[in-house]
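> Starting from these lines, generate the structure:
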Amino acid sequence: MTGESLEELAVRLFDAGAVRLGDIEAKLGRRTPIYFDLRVIVSHPKLMMAICRQLQNLAKEIPHDILCGVPYAALPFAAVMSVNTNTPMIMKRKETKLYATKKILEGVFEKDQKCLIVEDVVTSGGSLLEAVTTIRAEGLQVSHAVVVLDREQGGASVLKANGVQVKSVYTMTNLVKILRNAGRISDETAEIVSDHIKECQFGYSV
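Have a look, this model is predicted:
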């Protein structure tokens, strides 16, 4: 499916259960009418490859020496991209290793290398910004991130204010429009999601 369109891929993601509708509790207890769960994609290899091809298309335009997936959902995407493009990868640990090397970053890298961050979903930008801060503290340069979905709730602006340009395969508005046109979600649900995006905006910087 090398020629698969973004519209076809969005429908496949929905049908695989990666897009869930309803009054769902998300991170930090927030409620959301639509939840994007890319963790299920590890069980769908062809879908995984299709998503990674789209991320690779975005990455082609960005100079980088190394990849880093934000744990945990984006790690499989970064790993597949690394193999597909023969680009080295590093992994950020959730916490510093408490024994032996006591590393926060796993893998081989050199100071001042350009690191491209891979993320599944950007909402507030908090998780991605935490990764950026850690990676920069280890001497790497970070100026871009590629993500599957920008929920358009302020996260991309937060990251831009901190020197990171976010490029996404989908925005929430775009994704909802595709799914509505494909008959997967109703006009009413699309309107609820649109209102939610406007009402729940995040903004801060470090």
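
> so how far is the worst-scoring helix or strand of the chain on mean pLDDT off the chain centroid?
The least trusted helix or strand in the chain, going by mean pLDDT, DSSP states H and E, turns out to be strand 19-25, with a mean of 79. A distance of 18 Å separates the centroid of the chain from that of strand 19-25, by C-alpha atoms, centre = their mean, to the nearest Å.

> Partner strands of that strand, with direction?
strand 31-36 (antiparallel) (DSSP bridges).

> and the helix or strand following the strand it pairs with, which residues are buried?
Once the chain leaves strand 31-36, the next helix or strand it forms, by DSSP states H and E, is helix 45-59. Across helix 45-59, burial judged by 16 or more other C-beta atoms under 10 Å covers 47-48, 50-56, 58-59. Every residue, glycine included, has its C-beta placed from N, CA and C.

> go on, stretch 72-80?
Those would be 73-80, for stretch 72-80 by 16+ other C-beta under 10 Å.

> Glu138 and Gly107 touch, don't they?
No. Using C-beta atoms under 8 Å, Glu138 is not in contact with Gly107; the gap is 10.6 Å.

> all strands of the protein, in order?
19-25, 31-36, 66-69, 89-92, 105-106, 114-122, 141-150, 165-171 (DSSP state E).

> could you say what helices and strands the fourth one packs with?
Just to be clear, that refers to strand 89-92. Taking 3 or more C-beta pairs under 8 Å, 6 or more residues apart in numbering; DSSP states H and E as contact, the helices and strands that strand 89-92 lies on are strand 66-69, helix 75-85, strand 105-106, helix 126-137.
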